[in-house]
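Asker: could you work out the structure for the sequence below:
(chains A and B)
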Number of protein chains: 2
Amino acid sequence: MRDEYRADLLQVNRLLVSMADAVRSAMSRATKALLNADQSEAEEVVARDAEVDALYRLVEDKVYDLCARQAPVASDLRVVLTALHLAADLERMGDLADHVAKTALRRLPELAVPAPLTATFEQMGAVADRIAGKISRTISELDVVAAGQLDRDDDEMDRLHTSLFETMFGPDWTESTQAAVDTALLGRFYERYADHAVNAGRHVVFLVTGEAFDTAHA
Amino acid sequence: MRDEYRADLLQVNRLLVSMADAVRSAMSRATKALLNADQSEAEEVVARDAEVDALYRLVEDKVYDLCARQAPVASDLRVVLTALHLAADLERMGDLADHVAKTALRRLPELAVPAPLTATFEQMGAVADRIAGKISRTISELDVVAAGQLDRDDDEMDRLHTSLFETMFGPDWTESTQAAVDTALLGRFYERYADHAVNAGRHVVFLVTGEAFDTAHA
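Answerer: I've put the predicted structure just below:
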């Protein structure tokens, strides 16, 4: 029974790693599509979001199945159900990458990001990629150290996010209303991606160690 | 055992009704605060978000406890775990009301909403209130008819959301970049509030009837 439970949990873990890798790749490609006004790359991200959603449903089914067959008790149950929270955060990260890609598509053949902010969005993309990589590594290698660094990455994302507004509300801003609106929404998509990643990190640590982990004190 | 299970589920339902009422009131007050630049109302919304978060944790605890003691099987388990999804959507609706209130606070003593869009945000607030009211009624009275109307309300919210961009990108728009940015983000908060409500509605129907309910065909 215990062995079967562990094998089931391992299967759930594998699905979660696939999800983490998929949403990492999605945001990385979405950023490329955004900064290069690359239609085929953007369309690829949008098309692949369905795969993330399908993985999410597989995790749900597997967890329900596991609960029904193994009837895990208190602490095991919490660990198992944490997989659902984690999957929900990853699924949402995929949606946000999809939103970035759709914003890029909406402005084609123009670039959605105004020139003065290209570097900032490049950096936001890099932070998003680093964060998603840590989530994947934490789940696949049961390495909770990486998860402990997520708050620092999130702080960096918040700084970049704030700097968008400083630029837009500063004296040198001469871009259109549409550019301001796109920037505000894109900024939020990257910031939310990082927020969900931090949440995901907390869930991963709990899933791996069975202990709540406050990344704020890591 | 079966009676105990039903009693437990009823308790979870009561907590969910409290959550739904709380996030309905939060968005209603946040809209008032936004349209009247009312500091005390906005601060009240921000302060009370902690209550919604506390209710969410109570639902989680109650569900874990129920699963551990009753070990519900396949279909019962799905119904019980649906309460977690529903609570997560409601918690997020509370966050979005909090974001609206904080946007109002950030622009005080000025109004965050530019004059040409006051009426639109009034309507978005009204739709949000109607939607949240239906969620609450569906959970408390086990009335799935109201949940079936949520897609129509969501369509109305989407139309209002789209009209914000039409106004901002139209020829008569003379507002500041800051007003455009605030409008874009506020629009998104109301639209996401409605999206989560539609999700919540689907979960409620499943919780109440044990059957998946596609509101798109209602």
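Asker: and the spatially closest residue to residue A:39 that is not a sequence neighbour, which of the three is it?
Answerer: Once flanking residues are discounted, residue A:39 sits nearest to residue A:108: 5.6 Å by CB to CB, 6 or more residues apart in numbering or on different chains. Placement of C-beta: from N, CA and C, glycine included. Classification of residue A:108 by DSSP: H, G, I helix; E, B strand; the rest coil places it in coil.
Asker: can the longest helix along chain A be found next to chain B?
Answerer: Criterion DSSP state H: the longest helix present in chain A is helix A:2-36. No: Helix A:2-36 stays clear of chain B (CB under 8 Å from any CB of the partner chain), getting no nearer than 14.0 Å.
Asker: mean confidence for that helix?
Answerer: Averaging pLDDT along helix A:2-36 gives 93.
Asker: all strands of chain A, in order?
Answerer: Applying DSSP state E to chain A gives no strands.
Asker: nearest the geometric middle of it, what residue?
Answerer: residue A:93 (3.5 Å; CA atoms, centre = their mean).
Asker: okay, and the helix or strand of chain A with the least pLDDT?
Answerer: Lowest mean confidence among the helices and strands of chain A (mean pLDDT, DSSP states H and E): helix A:144-148, at a mean of 82.
Asker: hey, where'd the helices end up in chain A?
Answerer: A:2-36, A:39-70, A:74-106, A:118-141, A:144-148, A:150-168, A:177-209.
Asker: can you give the distance of the longest helix of chain A from its chain's centre?
Answerer: The offset between the C-alpha centroid of helix A:2-36 and the centroid of the whole chain comes to 10 Å, using CA atoms, centre = their mean, to the nearest Å.
Asker: the residue nearest to the centre of chain A reaches residue A:21, doesn't it?
Answerer: No: Residue A:93 lies out of contact with residue A:21 (CB atoms under 8 Å); the separation is 11.5 Å.
Asker: for chain A, which residues are neighbours of chain B?
Answerer: Residues of chain A lying near chain B by CB under 8 Å from any CB: A:64, A:67-68, A:71, A:73-74, A:77-78, A:81, A:84-85, A:88, A:165, A:168-169, A:173, A:177-178, A:180-181, A:183-185, A:188.
Asker: could you redo the last one with a cut-off of 7 Å?
Answerer: With CB under 7 Å from any CB of the partner chain as the criterion, chain A meets chain B at residues A:64, A:67-68, A:71, A:73-74, A:77-78, A:88, A:168-169, A:173, A:177-178, A:180-181, A:184-185, A:188.
Asker: look at the residue nearest to residue A:59 when sequence neighbours are not counted and say how many residues are nearby.
Answerer: Leaving aside its sequence neighbours, residue A:59 sits nearest to residue A:87 (CB to CB, 6+ apart; 4.2 Å). As a burial measure, residue A:87 scores 26 neighbours (other CB atoms under 10 Å in any protein chain shown).
Asker: thinking again about what came up before, out of the helices of chain A, the one nearest residue B:193 is which?
Answerer: Minimum separation from residue B:193 across the helices of chain A (CB to CB) falls at helix A:177-209, 14.6 Å.
Asker: what mean pLDDT does the closest one have?
Answerer: The average pLDDT for helix A:177-209 rounds to 92.
Asker: that helix packs against which elements?
Answerer: Packing partners of helix A:177-209 (3 or more CB pairs under 7 Å, 6 or more residues apart in numbering or on different chains; DSSP states H and E): helix A:74-106, helix A:118-141, helix A:144-148, helix A:150-168, helix B:177-209.
Asker: pull out the buried positions in the second one.
Answerer: Within helix A:118-141, the residues that qualify as buried by neighbour count (16 or more other CB atoms under 10 Å in any protein chain shown) are A:120-125, A:127-128, A:130-139.
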